[in-house]
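K.L.:
After the sequence you'll find the predicted model.
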Amino acid sequence: MPSSLLEVCPACGRRQFTAETILWPELLDDWKLSPGEVDYINLQQGFSCVSCKNNLRSMTLAAAVTRAFGFDGSLEHLCARNSAIRQLTVIEMNP
Ligand SMILES: [Zn+2]
């Protein structure tokens, strides 16, 4: 796992991450994934923030929201400082 993938969590602003292998051998056999696909899915779903537990996919969504508001900090700080964002509705397909 690349340690330089993220320096700061876009969701909470903390700096500690963990990486877990989430695909198990039987599933790999069933799905017949290539090594590159396995690495991609393990990174997308298994790399997460130790503090807020968001995985890379969710952290990417948090970064997209902060950038849409032109905010340079975490989503947590954006929500704390911007009352207008609390009026937004977010559709989360995979809670
Ligand atoms: Zn976090």
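P.N.:
Good, I have the coordinates. Remember, predicted model here, so these are calculated numbers, not experimental data.
K.L.:
C-alpha only now, for contacts and for neighbours.
P.N.:
Fine.
K.L.:
So is stretch 59-78 next to the ion?
P.N.:
No. Shown here: stretch 59-78 not in contact with the ion (C-alpha under 5 Å from the ion), separated by at least 7.5 Å.
K.L.:
contacting residues around that stretch?
P.N.:
For stretch 59-78, the surrounding residues in contact (C-alpha atoms under 8 Å, 6 or more residues apart in numbering) are Cys9, Pro10, Ala11, Cys12, Gly13, Ile85.
K.L.:
Cross-check the residues you listed against the ion and keep the overlap.
P.N.:
Near the ion, by the rule C-alpha under 5 Å from the ion, you find Cys9, Ala11, Cys12 out of these.
K.L.:
Arg86 should be in a helix, yeah?
P.N.:
Yes. Arg86 sits within a helix when classified using DSSP: H, G, I helix; E, B strand; the rest coil.
K.L.:
before we move on, the earlier item: would you show me how to pick out the buried ones of the contacts of stretch 59-78 in PyMOL?
P.N.:
Applying 16 or more other C-alpha atoms under 10 Å to the contacts of stretch 59-78 leaves a buried subset, and the PyMOL line that selects it is:
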select buried, resi 9+10+11+12+13
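K.L.:
Can I get the contacts of stretch 59-78 in a markdown table including secondary structure?
P.N.:
Shown next, in a markdown table, are the contacts of stretch 59-78 (three-state DSSP):
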| residue | secondary structure |
| --- | --- |
| Cys9 | coil |
| Pro10 | coil |
| Ala11 | coil |
| Cys12 | coil |
| Gly13 | coil |
| Ile85 | helix |
